[in-house]
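Student: Quick one: sequence and predicted model below, then my questions.
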Amino acid sequence: MGRPRSVHYQAYLDRRSDDAAVLNRLGVALAESGRLSESIEAFTRVTELVPGDFSARRNLEEVRRRAGLVHISLR
């Protein structure tokens, strides 16, 4: 079996840290492997780079819920 997808995404992001699409994929890969706090960091970064990214916001809320974190939206 090859290296985890997260390793490939992270290697790419070491060169292009502002690629929101790859950061989102990294967040998904990390969440799938149970690395929830790292996944939250990746999704949070996407929402900082692209505030209107609904997919990243939805992913962030789902992972926060899985991690047992409560988020109250004021919007």
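Tutor: Sure thing, it's come through.

Student: State the helix or strand in which residue 43 lies.
Tutor: Applying DSSP states H and E as the criterion places residue 43 in helix 36-49.

Student: And that helix, what's buried?
Tutor: Across helix 36-49, burial judged by 16 or more other CB atoms under 10 Å covers 36, 38, 39, 40, 42, 43, 44, 45, 46, 47, 49. Glycine gets a C-beta too; all of them are placed from N, C-alpha and C.

Student: what do you get for stretch 52-64?
Tutor: 53, 56, 57, 59, 60, 63, 64.

Student: Could you dump those residues into CSV and include pLDDT?
Tutor: Listed next are those as CSV, based on pLDDT from 0 to 100:
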residue, pLDDT
53, 93
56, 94
57, 95
59, 96
60, 96
63, 96
64, 95
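
Student: hmm, which helix or strand of the protein has the shakiest average pLDDT?
Tutor: The weakest-scoring helix or strand in the chain, judged by mean pLDDT, DSSP states H and E, is helix 5-13 (a mean of 90).

Student: what's downstream of it, the next helix or strand?
Tutor: Using DSSP H and E, the first helix or strand after helix 5-13 is helix 20-32.

Student: mind saving the C-alpha coords of that next one as CSV?
Tutor: Coordinates of each C-alpha in helix 20-32 appear next as CSV, following Å, rounded to 0.1, in the frame of the first residue of the first chain:
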residue,chain,number,x,y,z
ALA,A,20,-7.6,26.1,-0.9
ALA,A,21,-8.7,23.1,-3.0
VAL,A,22,-5.8,21.0,-1.9
LEU,A,23,-6.2,22.2,1.7
ASN,A,24,-9.8,21.0,1.6
ARG,A,25,-8.7,17.6,0.2
LEU,A,26,-6.1,17.4,3.0
GLY,A,27,-8.8,18.1,5.6
VAL,A,28,-10.9,15.3,4.2
ALA,A,29,-8.0,12.8,4.1
LEU,A,30,-7.0,13.7,7.7
ALA,A,31,-10.6,13.4,8.9
GLU,A,32,-10.9,10.0,7.2
